[in-house]
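[1] sequence unknown, structure follows:
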């Protein structure tokens, strides 16, 4: 697996920016003028790989965006050319195969399957994850709730319908949860 190749083990990756710096990828966080854009990956032979994340104000979402944009650095840089040396990212907002692959790579970096399964087995009090389980797992891994719901879906812990229901429940309770 990619985590093995990179020597990451099965623990959560909390400092994606440091990791990127360590492997020679420039990472920049800046507030951009568009909320639908989560990041941009740029490659140039002169400057190398660079990821720019649209600072959202949500540290967990920005961490996912860094990992997602790193996915483009790994998977898409060879398809770049002089006319198109960048790739825009929208995390979970796109149905394209390129965005989906970057999302899966980000989930695998930030929420290793084995560790999510282990943590879920240790903490679970019911058959299916509920709203507070999503919050607890998201906090453990340092990711946002939406990424956690996608990981649960990919692991078969929730169905698409249950994921949508949990998403609505989390959105309706977001202010109360923050308090």
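    The structure has been received and is ready for your questions. Keep in mind that this is a model prediction, so the values were computed, not measured.
[2] helices and strands around the helix or strand where residue 40 lies, which ones?
    Element membership for residue 40 (DSSP states H and E) is strand 39-44. Strand 39-44 sits against strand 48-54, helix 59-76, strand 86-89, with contacts defined as 3 or more Cβ pairs under 8 Å, 6 or more residues apart in numbering; DSSP states H and E. For every residue, glycine as well, the C-beta is placed using N, CA and C.
[3] Can you give me the buried ones in that strand?
    Applying a neighbour-count criterion of 16 or more other Cβ atoms under 10 Å, one finds 39, 40, 41, 42, 43 buried in strand 39-44.
[4] one step back: quickly, which of the helices and strands packed on strand 39-44 bottoms out on average pLDDT?
    Among the helices and strands packed on strand 39-44, strand 86-89 has the lowest mean pLDDT, at a mean of 72.
[5] Tell me what angle the following helix or strand past it forms with strand 39-44.
    Per DSSP H and E, the first helix or strand lying C-terminal to strand 86-89 is helix 97-110. For helix 97-110 against strand 39-44, the angle by axes from the mean of the first three to the mean of the last three Cα atoms, to 10 degrees is 100 degrees.
[6] pLDDT on the following helix or strand past helix 97-110, on average?
    The first helix or strand that comes after helix 97-110 along the chain, using DSSP H and E, is helix 113-123. Averaging the model's pLDDT scores along helix 113-123 yields 93.
[7] what does helix 113-123 contact?
    Residues outside helix 113-123 that contact it (Cβ atoms under 8 Å, 6 or more residues apart in numbering) are 10, 11, 12, 129, 133, 136, 137, 140, 141, 151, 155, 157.
[8] Could you do stretch 9-16 as well?
    3, 19, 27, 63, 66-67, 70, 109-112, 114-115, 140-142.
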